[in-house]
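Enquirer: how does the following fold in three dimensions:
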Amino acid sequence: MVGEAKWNALSFEEVRSKAQSFSEDRDWNQFHTPRNLLLALVGEVGELSECFQWKGEVAENLEGFSDAEKHHIGEEMSDVLVYLIRLADK
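Expert: As a prediction, this is how the structure comes out:
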């Protein structure tokens, strides 16, 4: 994610379907109750928050963040999105 953001052209439905298949392949759906998904979502939001902890005010485009930090933030945001979509699917 150096320079400008690169977006994969996945719809919410494609993300939902891939996450569902991923969970089914591992027999995780038995654990993916709304409560458990919500708790996992909160944990991922916490991990995303840690990326900003002690940074002070953050400028748009994450100015001042390293490329590695920006990449990590993107990963955490993806985790939040996937859990949110899984929760909405329940």
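Enquirer: quick one, longest helix in the protein?
Expert: Ranked by residue count under DSSP state H, the longest helix found in the chain is helix 67-89.
Enquirer: now the helix or strand that contains G46: buried residues?
Expert: Assigned by DSSP states H and E, G46 belongs to helix 34-52. Judged by neighbour count using 16 or more other CB atoms under 10 Å, the buried positions of helix 34-52 are 36-37, 40-41, 44-45, 48, 51. C-beta here means a position set from N, CA and C on the backbone, and glycine is covered the same way.
Enquirer: what's the answer for stretch 64-83, then?
Expert: Neighbour-count burial for stretch 64-83, counted by 16+ other CB under 10 Å, picks out 65, 70, 72-73, 76, 79-80, 82-83.
Enquirer: tell me which of those residues is nearest to D25?
Expert: Among the buried residues of stretch 64-83, V82 lies closest to D25 (CB to CB), at 14.9 Å.
Enquirer: isn't that closest one right up against S23?
Expert: No. With contacts counted by CB atoms under 8 Å, V82 stays clear of S23, the gap being 10.1 Å.
Enquirer: quick check: R16 touching L84?
Expert: No. If you go by CB under 8 Å, R16 and L84 don't touch, sitting 10.4 Å apart.
Enquirer: before we move on, the earlier item: pick the one among the buried residues of stretch 64-83 closest to F12.
Expert: V82 (10.6 Å).
Enquirer: give the contact list for that closest one.
Expert: 15, 19 (CB atoms under 8 Å, 6 or more residues apart in numbering).
Enquirer: poorly predicted segments of the protein, please.
Expert: 1-7 (pLDDT under 70).
Enquirer: closest one of the buried residues of stretch 64-83 to S11?
Expert: The closest of those to S11 turns out to be V82 (CB to CB; 13.6 Å).
Enquirer: against K55, how distant is the closest one?
Expert: Applying CB to CB, to the nearest Å, the value for V82 to K55 is 25 Å.
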